[in-house]
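>>> Have a look at this prediction, sequence included:
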Amino acid sequence: MSANEKKSTHGSCPLPFNHSDVIRLSHGAGGQMTSNLIRDVILRHFGNPILDKLGDSAELHVQNRRLAFTTDSFVVNPLFFPGGNIGDLAVNGTVNDLAVSGARALYLSIGFIIEEGLAVGEFDTIVETMQRAAGAAGVTIVTGDTKVVDHGKGDKIFINTSGIGVFDHDFILDPRHVEPSDVVIVSGPIGNHGIAVLSKREGFSFGTDVVSDTAPLGGLTEALLRACGNRLRVMRDPTRGGIAASLNEFAERAQVEIELDETSLPIDPPVAGACELLGIDPLHVANEGKLVVIVAAELAEEALAALRELEIGREACVIGRVGGKRAPGRVVLRTLLGVRRVVDPPVGEQLPRIC
Amino acid sequence: MRYLDEFRDPVLAQGILRRIRQTVTRPWRLMEVCGGQTHSIVRNGIDQLLPDRIELIHGPGCPVCVTPLSTIDTALEIAARDNVAFMTYADMLRVPGSSADLSSLKAMGADVRVVASPLEAVSLAESLSGKEIVFLAIGFETTAPASAMAVLQAERRKLNNLSLLVAHVLIPPAMAALLQAEDNRVDAYLAAGHVCTITGMTPYENLVARYRVPVVVTGFEPVDLLAGILSAVQQLESGQCRVDNQYARAVSTEGNTSARAAVERVFEITDREWRGMGVIPSSGLQLRSEYSHFDAERRFGIERRETRSSSRCISGEILRGLRKPTACPEFGIACTPTTPLGATMVSSEGACAAYFKYHRTHAEDKSGEAQP
């Protein structure tokens, strides 16, 4: 968090926004406008030491036990896309938020907001998928809620999931532990989920179907914790805002520069092609089954080996390094031609360009 | 990936760079016309790798950026009306008008929809027969054929609830206007490859014959751009000028004749205002009289009025290649992609957005070197 952000976190300052402003889609896109909204409204009212950390999960201490607690809402359109549907997304999303904070996911709650008119068959498919995803992730769905709203007052179905997990170790993962010369690793090709959903929604076809990567990450995170212990600095599942948003957050919190190497970014050709065509940076595209981690350099090989042992981590690779203090708080990319350029978090929603 | 990787090959790119360094003996200013090329240049750092004697100046080839404020205001006025579904390309949503932008209108409940093709507007008009469907048709020679097809299909399907707010502009007249200007800084053009896929080479032959400047039809990947720059520098150094096609994998001499035929059937050439450049003769398209029932301004009885851009925004000078984005006192301070003062900071093709997105590290590295 920058000095400016810190200043306005707690209630004493005047309203940092204009009261006639309205919420726009960009406020929910995970970029700068989302951060502003969280800082200027949500933290201004809710701020407390646990929430202020803005981790993927809240870390709670209950009777000498360290617990992780998190929540997430899913509003994806279309509901069904190549590789998954809103159901497995909703389970994996929350399970992964627990996993990347270092916890083992145990229990989930599910809240459905259903728009009148949704086919019962579709709802049944979604619920069945959720049960299968929960089984695969080793979590139990233990409580829930169902509401139905008038036709036109929702978008078929919205799902909220909350989850509880436990920490089986004493390691503290925190972006502030990141140090110069640490290594940035990603668990596989990036951008597949965002492009799969966009292609389905807009009716684009890019030769081969791009398939969402939605998957539970608990296996990978536990393997990494075993292999690296407390020299594993921090983990994220780079969903909204993509790798760029996660790494910018790390760089900002740790006040270091992170330098990525363009030649080592793993991007499947159809995803690269789609991004080219749409004018979207693959670093900004959402993933739903990928891990981006920072580990101490001397543990890089062990981390890669641990990830590659599992099928979903088979293509894990190093994509960059933590640099010095040249541009603290910034992510840069060394391009194919050897020039450095800045990698910003996305500003608003991803808009395809016109030509 | 085929057709992509080979045009990003670092070894090939370094080889062309070496040849550029060996060829250049004097200072030259090359304008890349298209905003997509500007982004590729800045994103790949090509401007940092060129010898100091070669200055790349960024042209007006960003359709969102050159759409005048009056058109945005007209769009806002139509989109705010009841019973209108207003459709346009995504880039236009955040371009500030005099009082708002389409995105904020949408947030307030206006029916504003993003499309990837104007043919989606035709389908919507067919399915929502009780609603007025309006398409904001912007862009260069590349997007005009799709607008023309939308009109022809709407005519065939006898749709009377679709209209177009037409703001299409043509690139070669703007290139000529820049060369005619007293403050012209252009020694050679890198012409926009995708525009040339439609226009073919003829308009550029005329430009070269009249103004004696080299024009190199150039693609968008690093190797494409460097090859275009090398060709332009070779011509300048040897005192030649001709049209050279460095994007032959996409551009043919005659261009896309069927796309042009559709455009010519539906549209006629007219004088058009460009943001920051004023009215350029014969640089725009308007619906021919036999298709004027598809004209949104006529349908909604809107008169164009005088509008004034923010006095703090220097996008006019940027679009003419007179100043660089970093020369603007508001750049990166009052004007950012989140709080844009002008279209060049909004659009994914805009030069200011490109500099903001990719160039800050370079500047910081330089300042870091100056103050160790």
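Now that the structure is in, tell me what you want to look at.
>>> For residue B:311, list the residues it contacts.
Applying CB atoms under 8 Å, 6 or more residues apart in numbering or on different chains to residue B:311 gives no contacts. (C-beta placed from N, C-alpha, C; glycine too.)
>>> Let's verify it: helix, strand, or coil?
Counting by DSSP: H, G, I helix; E, B strand; the rest coil, the backbone at residue B:311 sits in coil.
>>> what's the pLDDT at it?
As predicted, residue B:311 sits at a pLDDT of 71.
>>> how much space between it and residue B:181?
From residue B:311 over to residue B:181 the distance is 22 Å, taken as CB to CB, to the nearest Å.
>>> cool, and residue B:51?
27 Å.
>>> Next up, the contacts around residue 166.
Going with chain A. Contacts of residue A:166 (CB under 8 Å, 6+ apart): A:65-68, A:103-104, A:106.
>>> if you could check chain B rather than the one you did, that'd help
Residue B:166 touches B:137, B:147, B:267, B:285-287, B:295-296, counting by CB under 8 Å, 6+ apart.
>>> Now render these as TSV, adding neighbour count.
Listed next are the contacts of residue B:166 as TSV, based on neighbours: other CB atoms under 10 Å in any protein chain shown:
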residue	neighbour count
B:137	28
B:147	29
B:267	23
B:285	24
B:286	19
B:287	24
B:295	17
B:296	24
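>>> Out of these, which sit inside strands?
Residues of the contacts of residue B:166 located in strands (DSSP state E): B:137, B:267, B:285-287.
>>> Show me which of those is closest to chain A.
residue B:137 (10.7 Å; CB to the nearest CB).
>>> could you measure the nearest residue to the closest one once chain neighbours are set aside against chain A, distance?
Leaving out its chain neighbours, the residue that sits closest to residue B:137 by CB to CB, 6 or more residues apart in numbering or on different chains is residue B:147, at 4.2 Å. Going from residue B:147 to chain A by CB to the nearest CB, to the nearest Å gives 12 Å.
>>> Wait, residue B:147 touches residue B:164, no?
Yes: look at residue B:147 against residue B:164 with CB atoms under 8 Å: they come within range, at 6.3 Å.
>>> what sits in contact with each of these two?
Counting by CB under 8 Å, 6+ apart, the residues touching both residue B:147 and residue B:164 are B:118, B:135, B:137.
>>> export those to CSV and tack on pLDDT?
Listed next are these as CSV, based on pLDDT from 0 to 100:
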residue, pLDDT
B:118, 94
B:135, 98
B:137, 97
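>>> Mind putting those residues into CSV with distance to residue B:19?
Output for the shared contacts of residue B:147 and residue B:164, formatted as CSV (distance: CB to CB, whole Å):
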residue, distance to residue B:19
B:118, 43
B:135, 46
B:137, 42
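>>> Closest one of these to residue B:353?
The nearest member of the shared contacts of residue B:147 and residue B:164 to residue B:353, counting by CB to CB, is residue B:137 at 22.4 Å.
>>> Tally up the residues packed near residue B:120, please.
18 (other CB atoms under 10 Å in any protein chain shown).
>>> Contacts only, for it.
With CB under 8 Å, 6+ apart, residue B:120 has these contacts: residue B:87.
>>> Please repeat the previous calculation with a cut-off of 10 Å.
A:202-203, B:87, B:113-114, B:133, B:135, B:150 (CB atoms under 10 Å, 6 or more residues apart in numbering or on different chains).
>>> for the chain, longest helix please?
Reading this off chain A. For chain A, the helix that runs over the most residues, judged by DSSP state H, is helix A:120-137.
>>> Chain B was what I was after
Assigned via DSSP H, chain B shows its longest helix as helix B:222-237.
>>> So which bits of that one are buried?
B:222-236 (16 or more other CB atoms under 10 Å in any protein chain shown).
>>> anything in it near chain A?
Yes: judged by CB under 10 Å from any CB of the partner chain, helix B:222-237 and chain A are in contact via B:222-223, B:226.
>>> Next, the buried residues of stretch B:288-301.
B:291, B:294-297, B:299-300.
>>> cool, and stretch A:102-122?
Buried-residue list, stretch A:102-122, by 16+ other CB under 10 Å: A:102-115, A:118.
>>> so of these, which ones are in strands?
Reading strands off those with DSSP E, I get A:104-115.
>>> List just the nearest of the residues you listed to chain B.
residue A:115 (18.5 Å).
>>> Quick check: bridge partners of that closest one?
Here residue A:115 sits in beta bridges with residue A:149, as judged by DSSP bridges.
>>> give me every residue that touches the residue of the stretch 201-350 of chain A found nearest chain B.
At 2.5 Å from chain B, residue A:339 is the closest residue in the stretch 201-350 of chain A, using CB to the nearest CB. Applying CB under 10 Å, 6+ apart, we find residue A:339 in contact with A:262, A:332-333, B:42-49, B:358, B:361-362.
>>> switch to 7 Å and redo it
B:44-45, B:48-49 (CB atoms under 7 Å, 6 or more residues apart in numbering or on different chains).
>>> In strands, which of those residues fall?
Using DSSP E, none of the contacts of residue A:339 sit in strands.
>>> which among these are in contact with chain A?
Of the residues in the contacts of residue A:339, proximity to chain A by CB under 7 Å from any CB of the partner chain holds for B:44-45, B:48-49.
>>> how about the residues you listed in a markdown table, adding neighbour count?
Putting these into a markdown table (neighbours: other CB under 10 Å) gives the following:
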| residue | neighbour count |
| --- | --- |
| B:44 | 23 |
| B:45 | 23 |
| B:48 | 18 |
| B:49 | 19 |
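>>> As CSV, those with pLDDT would be great.
Below are the ones next to chain A among the contacts of residue A:339 laid out as CSV (pLDDT from 0 to 100):
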residue, pLDDT
B:44, 90
B:45, 90
B:48, 91
B:49, 94
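>>> would CSV of the residues you listed with distance to residue B:74 be doable?
Output for the ones next to chain A among the contacts of residue A:339, formatted as CSV (distance: CB to CB, whole Å):
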residue, distance to residue B:74
B:44, 37
B:45, 39
B:48, 41
B:49, 43
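>>> circling back: and which of the buried residues of helix B:222-237 is nearest chain A?
For the buried residues of helix B:222-237, the nearest to chain A is residue B:222 (6.0 Å; CB to the nearest CB).
>>> what's around residue 192, how many residues?
All of this is about chain A. Residue A:192 - counted by other CB under 10 Å - has 28 other residues nearby.
>>> wait, chain B
Residues near residue B:192, counting by other CB under 10 Å: 28.
>>> again with the one 4 residues further on
Neighbouring residues of residue B:196 were enumerated by other CB under 10 Å; the total is 29.
>>> Isn't it up against residue B:217?
Yes: assessed by CB atoms under 7 Å, residue B:196 is found in contact with residue B:217 at 4.8 Å.
>>> list the residues that contact both of those two?
With CB under 7 Å, 6+ apart as the test, residue B:196 and residue B:217 both reach B:247, B:251.
>>> Which residues are in contact with residue B:347?
Residue B:347 sits in contact with B:35, B:62, B:64-65, B:91, B:353, where contact means CB under 7 Å, 6+ apart.
>>> rerun that using 10 Å as the cut-off
Contacts of residue B:347 (CB under 10 Å, 6+ apart): A:351, A:353-354, B:35, B:39, B:62-67, B:91-92, B:94-95, B:337, B:340, B:353-354.
>>> For the stretch 101-250 of chain B, just list every one of the helices.
B:102-107, B:119-127, B:144-156, B:171-180, B:193-199, B:202-211, B:222-237 (DSSP state H, counting those that start in this stretch).
>>> how about the fourth one: buried residues?
The reference is to helix B:171-180. Buried-residue list, helix B:171-180, by 16+ other CB under 10 Å: B:171-179.
>>> next one: the second one
Across helix B:119-127, burial judged by 16+ other CB under 10 Å covers B:119-122, B:124-126.
>>> now do the same end-to-end measure for stretch B:112-126.
17 Å (CA to CA, to the nearest Å).
>>> So what's the residue count around residue B:262?
18.
>>> Let's verify it: helix, strand, or coil?
helix.
>>> Could you check how far residue B:324 is from residue B:314?
For residue B:324, the distance to residue B:314 - CB to CB - is 10 Å.
>>> Quick one: classify the nearest residue to residue A:315 once chain neighbours are set aside as helix, strand or coil.
If the residues on either side of it in the chain are set aside, residue A:315 comes closest to residue A:188, at 4.3 Å by CB to CB, 6+ apart. Counting by three-state DSSP, the backbone at residue A:188 sits in coil.
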